[in-house]
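Undergrad: Predicted structure and sequence below. I'll ask about it afterward.
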Amino acid sequence: SSRGINFRTRHLMKDLRTLMPHSKADTKMDRKDKLFIINEVCEMKNCNKCIFFEAKKKQDLYIWLSNVPHGPSAKFLVQNIHTLAELKMTGNCLRGSRPVLSFDPVFDQKPHYALLKELFIQVCIYLLFLRHKLPSVMCFHLESFDQDFIYMIKEQSFVRLVVSIGCQDLMLLQ
């Protein structure tokens, strides 16, 4: 993450690390550092996928998903955050369980959504499946509704986590 994130963002990062046990953390980056430094950090930690939290003006939070080092990368503006502790998540949540991604049909109809679908699949599933071949399953539903928002919903039995990501200013970098 970059410097200047607030406590809700820190809790969101902790929740994502809990949901993805194959993750590796690193120290915060200065705001003046260039983004290509992330490629070097990922190479040193032997990672080929990256989720980077960028805070701007201590108000706006952006999440970068990227395949390192050759791309693609996608930048999302986070509109709303509800952490696991805030929602009092209880139930049969298993640490390290294998995710199942379910996408809205829009992700197959539009080419930029198809690219995002593949990026989410690679970041959330592939490495976890290769390292942890567990029989347990947790479900992520990525659904696109009106106003070009992507809602990330985590479900297990009676538990539901919703993260809304605005992709109005979608940027695909090579």
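TA: Done, it's in. Worth saying up front: this structure is predicted, and the values here are computed from it rather than measured.

Undergrad: Find the least confident helix or strand in this structure, judged by mean pLDDT.
TA: Within the chain, judged by mean pLDDT, DSSP states H and E, the helix or strand with the poorest mean is strand 159-173; its value is a mean of 43.

Undergrad: where are the low-confidence patches of the protein?
TA: Where the chain drops to pLDDT under 70, the residues are 1-4, 19-22, 27, 31-32, 84, 87-101, 125-174.

Undergrad: can you map out the helices along it?
TA: Ranges of helices within the chain are 7-19, 36-44, 106-109, 111-121, 127-131, based on DSSP state H.

Undergrad: I'd like those helices as JSON lines, with distance to S73 appended.
TA: Every C-beta, even on glycine, is put in place using the N, C-alpha and C of the backbone. Shown next, in JSON lines, are these (distance: least, C-beta to C-beta, whole Å):
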{"stretch": "helix 7-19", "distance to S73": "17"}
{"stretch": "helix 36-44", "distance to S73": "9"}
{"stretch": "helix 106-109", "distance to S73": "18"}
{"stretch": "helix 111-121", "distance to S73": "8"}
{"stretch": "helix 127-131", "distance to S73": "17"}
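
Undergrad: Now render those helices as JSON lines, adding mean neighbour count.
TA: Shown next, in JSON lines, are these (neighbours: other C-beta atoms under 10 Å):
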{"stretch": "helix 7-19", "mean neighbour count": "16"}
{"stretch": "helix 36-44", "mean neighbour count": "14"}
{"stretch": "helix 106-109", "mean neighbour count": "14"}
{"stretch": "helix 111-121", "mean neighbour count": "16"}
{"stretch": "helix 127-131", "mean neighbour count": "14"}
